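S.K.: Sharing a sequence plus its predicted fold:
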Amino acid sequence: MDKNNHKQKSIVKELTSNRKNLEPTLDVMSPNNSEEIKGEPDLIVVNLDKGKVVAQFDKESRISDILESFKILDGIYKRQQIDAAIELKDEITPYLIKILKMVLNNPTEYIENEDNYDHIYALFLLGHFREHRAHQIIADLFSLPDEIPDKLFGDTVTEDLAIILYRTCGSSLELIKSLALNKKNRR
């Protein structure tokens, strides 16, 4: 067991032991600890439910594991990780969008390393989620010059792109029309 994993388990154990109060509490104290507080408090101490902290820690750990499993193409379909990503839709979405932004900022890195695959999972999950915040980035990725989109996404360009764009457009078809016109003008 590596040092970080041991440290994480110790934190979780410490946070889950001796749970007394399940509701968050708010204690307001002044610097001189007087009972009467006038105006805005100088210090606010919030005691959070330790179970919620553990749950948040667990979610972040699960998201990290899911994203890590998506990174490398190993020939195995990641059904459990896909299901977990769907379960954590709201929490994982910003990370998936960030992956696509990284590809947009440096497509050569993904083209040169064909085993990088997290952008494919991100694209399909965001399409499945109907995530309109990803629409502009997806359109920008498939508007990259020359054969870059084909090299990045392979058959997705011809087989799945239309439905992904439609599902992420949020009822605004302007980017889809623009993308179609740009592709037509390039030919």
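M.R.: Perfect, thanks for sending it. On a predicted model such as this, the values are computed, not experimentally measured, just so you know. Numbers count the residues shown, from 1 in each chain.

S.K.: before we move on, could you check phi and psi at Ile72?
M.R.: Recorded main-chain torsions at Ile72 are phi -110, psi 130, according to degrees, to the nearest 10.

S.K.: let me redo that: Met102
M.R.: According to degrees, to the nearest 10, the main-chain angles of Met102 amount to phi -60, psi -40.

S.K.: give me every residue that touches it.
M.R.: Shown in contact with Met102 (C-beta atoms under 8 Å, 6 or more residues apart in numbering): His119. Backbone N, C-alpha and C define where each C-beta goes, glycine included.

S.K.: Would you map the strands across this structure?
M.R.: Shown for the chain, the strands assigned by DSSP state E span residues 25-29, 43-47.

S.K.: Now tell me which of those strands the model trusts least on average.
M.R.: Note on those: lowest mean pLDDT is at strand 25-29, with a mean of 44.

S.K.: My guess is Leu175 contacts Ile137. True?
M.R.: No - with contact defined as C-beta atoms under 8 Å, Leu175 does not count as touching Ile137 (10.4 Å).

S.K.: quick one: which of these two has more around it?
M.R.: For Leu175 versus Ile137, neighbours defined as other C-beta atoms under 10 Å are more numerous around Ile137 (21 against 18).
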